[in-house]
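Asks: Prediction below, plus the sequence it came from.
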Amino acid sequence: DSGVTQTPKHLITATGQRVTLRCSPRSGDLSVYWYQQSLDQGLQFLIQYYNGEERAKGNILERFSAQQFPDLHSELNLSSLELGDSALYFCASSVGDRGRNEQYFGPGTRLTVT
Amino acid sequence: AQKVTQAQTEISVVEKEDVTLDCVYETRDTTYYLFWYKQPPSGELVFLIRRNSFDEQNEISGRYSWNFQKSTSSFNFTITASQVVDSAVYFCALSEALGTGNQFYFGTGTSLTVIP
């Protein structure tokens, strides 16, 4: 158990809908990262937050947004969902905001868009 | 171009054999970090090792060892005397600075099957 929690575990929704994925980092970790894992794209970095501030942006679509709250939990919002958004979404956390800190991954949220 | 290349998509070995997973990376940064993660069938990614760009010492941890060579931009992972529990997908990753944070690039993974 990495100490990172993600809810929900599974989510099934229809095209055009909006969903929110939630992540609680390990105790003491200030950085949260979001990733999308799909069969065709592999594991893609989406966005990083550190202590409530956005720090780095990867391949995140404009339809997606995230935030980190004062209690350090983070939410990833996915809107106008398309079939291609079906994937496993991972959250990871680390102590610091730099690459020297290893990331600890949550169990993921499997999103299915029908 | 891929920042992290794991050319071996799938590998099968018989239990107790040694196996090496290859990882080649590409970066222009002088400071960067390399990682290996394991993703067992349960799905959760598990951190195995981190290396920074200034430390080319090889590392051994039990049956696991890592060979980092900057000259060839490679960070290979060897499992000695493989066991069935080693069956998983293994990802190599590169971390570079991005803005005030950092970005992780993952390879496409190598699926290892250890046959009893």
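Replies: Yep, it's here. Numbering: from 1, shown residues only, chains lettered A, B, ... in the order given.

Asks: Just give me the residue right at the centre of chain A.
Replies: Central residue of chain A (CA atoms, centre = their mean): A:W34, 3.1 Å from the mean position.

Asks: contacting residues for that one?
Replies: A:W34 makes contacts with A:23, A:45-48, A:60, A:66, A:74, A:76, A:89-92, as judged by CB atoms under 8 Å, 6 or more residues apart in numbering or on different chains. (C-beta placed from N, C-alpha, C; glycine too.)

Asks: what about B:V85, is that helix, strand or coil?
Replies: helix (DSSP: H, G, I helix; E, B strand; the rest coil).

Asks: If you drop the residues flanking it in sequence, what lies closest to residue 22?
Replies: Looking at chain A here, since you left the chain open. Of all residues not flanking A:R22 in the chain, A:T7 sits nearest, at 4.9 Å (CB to CB, 6 or more residues apart in numbering or on different chains).

Asks: look at chain B instead
Replies: In space, B:D22 is closest to B:N76, 5.3 Å off (CB to CB, 6+ apart).

Asks: Also A:F105?
Replies: B:L45 (4.0 Å).

Asks: Ramachandran angles for that neighbour?
Replies: phi -80, psi 130 (degrees, to the nearest 10).

Asks: again with the one 10 residues further on
Replies: Backbone torsions of B:D55, given as degrees, to the nearest 10, read phi -120, psi 100.

Asks: quick one: pLDDT of the residue nearest to B:D22?
Replies: At B:N76, the model reports a pLDDT of 96.

Asks: quick one, what contacts it?
Replies: Listed by CB under 8 Å, 6+ apart, the contact set of B:N76 reads B:T20, B:L21, B:D22, B:C23, B:W66, B:N67.

Asks: where's the fourth one relative to chain A, distance?
Replies: Just to be clear, that refers to B:C23. With the distance defined as CB to the nearest CB, to the nearest Å, B:C23 ends up 14 Å from chain A.

Asks: Does that residue touch B:Q8 like I think?
Replies: No - applying CB atoms under 8 Å, one finds B:C23 not in contact with B:Q8, separated by 9.4 Å.

Asks: So which bits of chain B are right by chain A?
Replies: B:32-33, B:35, B:37, B:42-47, B:50, B:52, B:91, B:95-109 (CB under 8 Å from any CB of the partner chain).

Asks: Buried only: go through those residues for me.
Replies: Of the members of these, the ones counted as buried by neighbours, 16 or more other CB atoms under 10 Å in any protein chain shown, are B:32-33, B:35, B:37, B:44-45, B:47, B:50, B:91, B:95-96, B:98, B:101-109.
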